[in-house]
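Asker: When you get a sec, could you give me coordinates for this:
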Amino acid sequence: MNTSTLWWGLLFGSIGLGYFIYGRKQREIVPLVCGIALMAFPYFVSGAAWLIVVGVVLMVIPRFVRL
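Answerer: Prediction:
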């Protein structure tokens, strides 16, 4: 782990917390699940490039998927 992966993980984890709180308060499943995934995936992804790609994909999913 290097500094960039730590910072990207912190950024995506913070955004994930926001998605999680929003999904829980609005009772919407997609932002809730994406928030949990955004908080958890930095532990399993190594490398800054993959971290950014997966994080951006998880951030845009609630924008296009409505259940």
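Asker: can you list the weak-confidence ranges in the protein?
Answerer: Across the chain, the stretches falling below the confidence threshold (pLDDT under 70) are 1.
Asker: And the helices in it?
Answerer: 3-26, 29-40, 48-64 (DSSP state H).
Asker: tell me the angle the second one makes with helix 48-64.
Answerer: Spelled out, it's helix 29-40. Using axes from the mean of the first three to the mean of the last three Cα atoms, to 10 degrees, one finds that helix 29-40 and helix 48-64 are set 170 degrees apart in direction.
Asker: how about helix 29-40: buried residues?
Answerer: Within helix 29-40, the residues scored as buried using 16 or more other Cβ atoms under 10 Å are 30-39. (C-beta placed from N, C-alpha, C; glycine too.)
Asker: same thing with the first one?
Answerer: The neighbour-count criterion (16+ other Cβ under 10 Å) identifies 5, 8-9, 12-13, 15-16, 19-20, 23 as the buried residues of helix 3-26.
Asker: Generate a markdown table for those residues, with distance to residue 57 as supplementary columns.
Answerer: A markdown table is the format used below for the buried residues of helix 3-26 (distance: Cβ to Cβ, whole Å):
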| residue | distance to residue 57 |
| --- | --- |
| 5 | 17 |
| 8 | 14 |
| 9 | 15 |
| 12 | 11 |
| 13 | 16 |
| 15 | 13 |
| 16 | 13 |
| 19 | 13 |
| 20 | 17 |
| 23 | 17 |
